[in-house]
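[1] here is the input, now give the coordinates:
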Amino acid sequence: MDRAGRVIWAAATGLALIAASPALADGSFDGSLKDEVTPPGRSFEWSFNIGATSDYIFRGISQRDEKPALQGGVDISYGIFYAGVWSSMIDFGEPLDADVELDFYAGIKPEWRGISFDLGVIHYTYPGANDSGAELNFVELKAGASASPVQNVTIGGTVYYSPEFTGETGEVWTFEGSVAYQLPQFLAFTPSISALIGYAVGDASDGFAVDGISSDDDYLYWNAGLSLEAEKLTLDFRYWDTDIGTANAGICATTKYCDERFVFSAKVTY
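    As a prediction, the model looks like this:
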């Protein structure tokens, strides 16, 4: 079985384990409304978030030239339906001159037998970017599921598909699996540890070249870290890395953007 086959098999196995798990136990989730379960109801709910990070990492690759970034978003939900907008400072350097990422997303979050699903679409945009040669804006479809097989443990799996990935690099599939464990209360904080592994695969002939040198058109990325929640505040300490060895004008413009790093983030949600 080749590398892509093994990852797809692992993703399918993870989703099967989720489907076999019992009802969700009490737990907490990081992130915006995109990452949380929307309870079935019939009233509009709003949330706002603003935060900062020591480096904005997207699937293992720095989007900010290893510099701090301000971030924020607005979310709205109605029953199982949700929508929102999120933005971050970025720095893609010359000649792209992209300074801002602005994302729009919408979807549904139904539940079935203790499994929480997330089916949605995300539109990534880069206002003001000098991308006439190859448009940076792109759209992804998203299908995810999560559950708690035992108390305080949450497992999840998500598949993303873009028919035309950023930079007009053709079809790209991304598979992610995650696990989180909520620790006992510590002072005013609710701590949790979590880890994620992801796999992105495209076609080098369409431009999805990992390092710009070889014909590699897939890569692995992963993270692990500790989150501390206290009412509206979330602090996150996280280690990131990828299996990209060298880089030269590929999806990772330079090796330093995709090597190992520790990232600290803080966010307030209200």
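
[2] going forward, measure contacts between C-alpha atoms and count neighbours the same way
    OK.

[3] what helix or strand does the residue nearest to Leu141 when sequence neighbours are not counted sit in?
    Spatial nearest neighbour of Leu141, excluding adjacent residues (C-alpha to C-alpha, 6 or more residues apart in numbering): Val121 at 4.5 Å. Assigned by DSSP states H and E, Val121 falls within strand 115-125.

[4] residues in contact with Lys267?
    49-52, 233-235 (C-alpha atoms under 8 Å, 6 or more residues apart in numbering).

[5] on the strand side of things, show who Gly144 bridges to.
    On the basis of DSSP bridges, Gly144 is bridged to Asp118, Thr158.

[6] do the same with Ile197
    Gly177, Trp222.

[7] what packs against the strand holding Val121?
    Strand 115-125 makes packing contacts with strand 100-108, strand 138-150 when contacts are defined by 3 or more C-alpha pairs under 8 Å, 6 or more residues apart in numbering; DSSP states H and E.

[8] now the angle from the last one to strand 100-108?
    For strand 138-150 against strand 100-108, the angle between stretch directions is 60 degrees (axes from the mean of the first three to the mean of the last three C-alpha atoms, to 10 degrees).

[9] and Leu220, how many neighbours?
    By other C-alpha atoms under 10 Å, the residues close to Leu220 number 19.

[10] what residues are up against the closest residue to Gly120 other than its chain neighbours?
    Of all residues not flanking Gly120 in the chain, Gly107 sits nearest, at 3.8 Å (C-alpha to C-alpha, 6+ apart). Gly107 is in contact with 81-83, 118-121, counting by C-alpha under 8 Å, 6+ apart.

[11] next, format the residues you listed as CSV and append distance to Trp222, neighbour count and pLDDT.
    Converted to CSV, the contacts of Gly107 look like this (distance: C-alpha to C-alpha, whole Å; neighbours: other C-alpha atoms under 10 Å; pLDDT from 0 to 100):
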residue, distance to Trp222, neighbour count, pLDDT
Phe81, 29, 21, 98
Tyr82, 27, 22, 98
Ala83, 27, 20, 99
Asp118, 21, 25, 99
Leu119, 23, 17, 99
Gly120, 23, 20, 99
Val121, 23, 20, 99
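
[12] ok, back up a step: quick one: closest of the helices and strands packed on strand 115-125 to Arg42.
    strand 100-108 (13.5 Å; C-alpha to C-alpha).

[13] in the stretch 51-200 of the chain, where is pLDDT below threshold?
    Scanning the stretch 51-200 of the chain for pLDDT under 70 picks out nothing.
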